[in-house]
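Undergrad: Quick one: sequence and predicted model below, then my questions.
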Amino acid sequence: MSNIQLDVKNLSVSFSTQAGKVHAVRDVSFSLHKGETLAIVGESGSGKTVTCRTLMRLLSKNASIDAGEILLEGTDILKVSERNMRHIRGNDIAMVFQDPMTSLDPTMKIGRQIEEVITLHRKVKRKEARKRMLELLQLVGIEDPRRRSRQYPHEFSGGQRQRIVISIVLACNPKVLIADEPTTALDVTMQAQIIDLLKSLQKKINTSIIFITHDLGVVANVADRVAVMYAGKIIEIGRADEIFYDPRHPYTWGLLNSMPTLDTSAPSLYTIPGAPPNLLKPPTGDAFAPRNEYALAVDELYEPPMFQISDTHYAATWLLDARAPKVNPPAVLNKRREEFIKRSGLYAES
Amino acid sequence: MQKANKILEVEQLVHTYDTGSMKVNAVNDINFYIKEGETFGLVGESGCGKTTTGRMIVKLLDITSGTIRYKGKDIAQIHHKKELMKFRREVQIIFQDPYASLDPRKKVRDIIAEGLDIHNMAASKKERDDIVAELLKTVGLNMDFASRYPHEFSGGQRQRVGIARALALNPQLVICDEPISALDVSIQAQVVNLLKELQKTKKLTYLFIAHDLSMVKYISDRIGVMYKGKLLEVGEAEEVYHNPIHPYTKSLISAIPLPDPYFERERRRVSYIPLPYREDLKLRELKPNHYVYCDDAGNF
Amino acid sequence: MNININQIPKELFRFKTTGQDTAVKEEITPSPTFLQDAWRRLCKNKGALASMLLLTVIIILAFLAPVIAPYNPNTQNIPHANLPPRIPGISINGLNGRAQLQGKLIDRYALAKVPADRNYLFGTDEFGRDLLSRTLYGTRISLTIAFIAAILDLTIGVFYGLTSALKGGRVDNFMQRILEILTGIPNLVLVVLMLLIFKPGILSIIFALTISSWIPMARIVRAQTLRIRNMEYVQAAVALGSSQVRNAISHILPNIAGIVVVRAMFSIPSAIFFETFLSFIGVGMKIPNASLGTLLNSGYKMFRIHPYQMWIPSIILCIIMLAFNLFADGLRDAFDPKMKE
């Protein structure tokens, strides 16, 4: 399995707060292949951001990693010293945040900021760093890089700032890039451009990307594989086609179903009733059960294990157990699936 | 629908911000109207002036030039206290950020009843509590929530409180300023459904401001597309989405992300490069009820 | 957790019976209100908590002065002048009525023929007045002045800041220029001039203290008001038809209260210090009334001969200053944890 870049095994993270222990990430396992994009989808509080901050070892003081290991090409980065971790951050794993201003120094010209990163990571001369900086700006689509490199972050628009952050990340040439909702603050056209940029760069330098978002539309565009998180757990993981055209978990159904498309004209949208559970006291059994219209009696007593659907597709719901009653996904999703099979002819029913 | 009265008319509306060093036209000469009982969607990227427009309509911001007429009356001319209070009762606003729009030091009961207090609409404490309980029920919240503070609620619940506050005065026109953008996907649908249901039962007219195009398309009867302070295209929702005319609208619609990987892989996006400003550009009716910002010859 | 899937009884694989649990209740976790949260944070801060207790004790003692003071603070008793402290039951030199006189340690009480049951716990001053009583009364005066000054600060500052921010435009501009002019006048010169015109005493000291110390408060209130005025909840109130006065009272004031209270707490020790300073240089409280400043003033003259006359008010002053500062610091952190660092 040399194809695996990053392997997360049984990761559990909790935060101690005044009210008690919040179990933000509960027994999460996934692997990231070389050169692929894995999207982690979930609502706020589902643990997606905490998972990724753990990968960078950038957790707040009151967090504790209760269990698990994170293997980056075989070494467990949870056991690495803070000193070596600093070397790993940037060189091996880099992160792009939602708000580009958090990663840019407002008082420094952007050219200098990029050069600084280049000289920090590779021992090169100033002149060479400058040349590389201009190349990078060109690469991320900043026009007239020579002039613009002498400007300050506030002179750029939100989309351009995100491009600059991406160019800084590129300067380190990381093996894994974590993008935490990098397009959420941007409007649709800019969003599409940034995503295209990430995709084209990925092809060039063959980085693996973990893309965190709550927007399923964006996921459909970027992801090779998708992990759906709910209440601190991965409840379904699989190839993008499998998640979008053959979802098995009722929560995934709900998410896909509640998003209107341009053709939706139903008098009301499908909704998942209720709100996510409180992770101070995670429920016994399936955390999604109280909001699940297909909930089984067993959901209240036992947590569902990951059922395997195909080589790449897993979902944690008791509906997949042989003894469970047969349930059909909502009609809209079935329609989409049939259309897809008609259009592509590639995807045979499993 | 065709015969319905225009409840709101916006003509040549301009709002200018003075940044000190220069003047910026946040809203630059826009024209549109809203018919009674319909939902008018206003879409555009952040900073295009859609929020400014909404705030001018509820008189939270001053109009630099142009007119906004509510039920045929110029709202800039509403000075008399009694008239202003009537306007405040009839035109309400729901805000984007459910965390910033509720006073953290007030209980939910007092937040919802604020309008009642201002307009002396509750004769007794008992009546006030009853109205609040009724409103909570209307927006789908439990009555026990009345004596709690906003920070104890989730985003979706807070947004419901914001809606209840706006509804307390029995308004006719409600400006929904990005009411769902700050909410989670599974909660967005809940709030949109609530808004639609309230529109039906309370005969509300909405101005729905948002940047999520598929949601706007879903909830709106007619749509206006804004870009850098200008209104570029106005028309029936179906028409604008399926037969967009202005290149900016085309580029926006071509970029809407859809939860369909196959479609995403195949899609081709249209990019939009704005032309320099010309005198003869204005909103023209190219098809019945479909207005586009262009010149005489139909160039953009 | 490690249950065998196959052992789960088959009957459980049926849909949950509808009706009982399907009515989805959105659960709310009760979380503390702002004040509860602030109180909790304050209790965690040991220094602030100790200061608060200490201040409470000092304040109670000072304001109970007429009840607990053993002697009249202003009654002179020349034969008993300059007696060192004598605390019954303690035989440490300095606290047992003995003092150096011409190189020899002698019992001053015996020398002055003080009855055995008459003890001056803090000693007496050059006129034979009981220093304990004078310290109690002096602290009371100093605290009163500081509290009144802080309340005036608060009222004027909050009113001025609110008006300036809410009126805006030209009014704001004008009011801010006035502030700048006032800041430009040297405080001490103003105070000394004023005390030359008015009779020295509590009122004139309070007036002198207030004349310039409300300016920072006004500035803070103005800045905070400008911030909160643009919050969406205030905008929502305006859209509901709320007037500006109503906004100020029902939204802005409650939301800036924390910052204002903290600022006022910090102004108390500086008022005490300023009062002490004025009295010390002789333009403050008029004789024979005691304040911490006048006690220090008369004490320092005797420092070489009767050091306790200066030590005692100095220590009290230090304790009060330190406690107020620590407490205000703790309050600030409690109200706004982000302001720390």
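TA: Looks like it arrived, so ask away.
Undergrad: Check what pLDDT residue B:47 gets.
TA: Note on residue B:47: pLDDT of 79.
Undergrad: Hmm, I typed the wrong one, I wanted residue A:268.
TA: Looking at residue A:268, its pLDDT stands at 82.
Undergrad: which residues touch it?
TA: Applying C-beta atoms under 8 Å, 6 or more residues apart in numbering or on different chains, one finds that residue A:268 lies in contact with B:193, B:196-197. (C-beta placed from N, C-alpha, C; glycine too.)
Undergrad: One more pass at 10 Å, please.
TA: Contact analysis of residue A:268 by C-beta atoms under 10 Å, 6 or more residues apart in numbering or on different chains lists B:189, B:192-194, B:196-197, B:218.
Undergrad: do the same with residue A:15
TA: Residues in contact with residue A:15 (C-beta under 10 Å, 6+ apart) are A:21-25, A:50, A:59-64, A:279-280.
Undergrad: Which of these fall in strands?
TA: Using DSSP state E, the subset of the contacts of residue A:15 located in strands is A:21-25, A:63-64.
Undergrad: Nearest spatial neighbour of residue 165, chain-adjacent residues omitted?
TA: You didn't say which chain, so I picked chain A. residue A:100 (4.6 Å; C-beta to C-beta, 6 or more residues apart in numbering or on different chains).
Undergrad: nope, chain B please
TA: Distance criterion C-beta to C-beta, 6+ apart; nearest residue to residue B:165, sequence neighbours excluded, is residue B:112 at 5.1 Å.
Undergrad: Who are the contact partners of the one you found?
TA: The contact partners of residue B:112, by C-beta under 10 Å, 6+ apart, come to B:102, B:106, B:128, B:131-133, B:135-136, B:139, B:141, B:145-146, B:161-168.
Undergrad: List phi and psi for it.
TA: The phi/psi pair for residue B:112 (degrees, to the nearest 10) reads phi -70, psi -40.
Undergrad: quick one: it from chain A, how far?
TA: Distance from residue B:112 to chain A, counting by C-beta to the nearest C-beta, to the nearest Å: 20 Å.
Undergrad: distance of that residue from chain C?
TA: Residue B:112 sits 11 Å away from chain C, going by C-beta to the nearest C-beta.
Undergrad: That residue and residue C:245, how far apart?
TA: Computed as C-beta to C-beta, to the nearest Å, the residue B:112 to residue C:245 distance reads 22 Å.
Undergrad: List the contacts of residue A:235.
TA: Residues in contact with residue A:235 (C-beta under 10 Å, 6+ apart) are A:42, A:46, A:227-229, A:248-252, A:286-288, A:304, A:306, A:314-317.
Undergrad: Let's check: the centremost residue of chain C is which one?
TA: With distances taken as C-alpha atoms, centre = their mean, residue C:268 lies nearest the centre of chain C, 4.1 Å away.
Undergrad: give me phi/psi at residue B:116?
TA: Dihedral angles of residue B:116 (phi, psi; degrees, to the nearest 10) stand at phi -60, psi -40.
Undergrad: Report the contact partners of it.
TA: Residues near residue B:116 by C-beta under 10 Å, 6+ apart: B:110, B:122, B:127-128, B:131-132, B:135, B:165, B:168-169, C:240.
Undergrad: Of these, just say which sits nearest to residue C:221.
TA: residue B:110 (23.4 Å; C-beta to C-beta).
Undergrad: what kind of secondary structure is whichever residue of the stretch 1-150 of chain B sits closest to chain A in?
TA: Relative to chain A, the nearest point of the stretch 1-150 of chain B is residue B:45 (3.4 Å; C-beta to the nearest C-beta). Secondary structure, DSSP: H, G, I helix; E, B strand; the rest coil: residue B:45 is coil.
Undergrad: and the stretch 201-350 of chain A, which of its residues are near chain C?
TA: Counting by C-beta under 10 Å from any C-beta of the partner chain, the residues of the stretch 201-350 of chain A close to chain C are A:272-278, A:280-281, A:289-305, A:307, A:318-319, A:321-325, A:327.
Undergrad: filter the residues you listed to the buried ones?
TA: A:272-278, A:289-300, A:302-304, A:307, A:318-319, A:321, A:323-324 (16 or more other C-beta atoms under 10 Å in any protein chain shown).
Undergrad: Would you confirm that residue A:29 belongs to a strand?
TA: Yes. Using three-state DSSP, the assignment for residue A:29 is a strand.
Undergrad: returning to what we had before: can you flag which of the contacts of residue A:235 belong to strands?
TA: Filtering these for membership in strands, criterion DSSP E, returns A:227-229, A:314-315.
Undergrad: Turn these into a markdown table, columns for pLDDT.
TA: Formatted as a markdown table, those follow (pLDDT from 0 to 100):
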| residue | pLDDT |
| --- | --- |
| A:227 | 96 |
| A:228 | 95 |
| A:229 | 94 |
| A:314 | 94 |
| A:315 | 93 |
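Undergrad: where does residue B:283 land in three-state SS?
TA: Criterion first, three-state DSSP; result for residue B:283: strand.
Undergrad: if I look at it, how far off is residue B:290?
TA: According to C-beta to C-beta, residue B:283 and residue B:290 sit 11 Å apart.
Undergrad: what is the rounded mean pLDDT of the longest helix seen in chain A?
TA: Determined from DSSP state H, the single longest helix within chain A is helix A:188-205. Helix A:188-205 shows a mean pLDDT of 85.
Undergrad: what about the residue nearest to the centre of chain C, which SS state?
TA: helix.
Undergrad: Keep only those of the residues of the stretch 201-350 of chain A next to chain C that are in strands.
TA: Taking DSSP E, the ones among those that sit in strands are residue A:307.
Undergrad: The residues of the stretch 201-350 of chain A next to chain C: which ones sit near chain B?
TA: Among those, the residues lying close to chain B (C-beta under 10 Å from any C-beta) are A:272-276, A:278, A:291.
Undergrad: Looking at those, spot the one nearest residue C:120.
TA: Nearest to residue C:120 among those is residue A:278, at 64.5 Å by C-beta to C-beta.
Undergrad: biggest helix in chain B, by residue count?
TA: Ordering each helix of chain B by length in residues (DSSP H) puts helix B:185-202 first.
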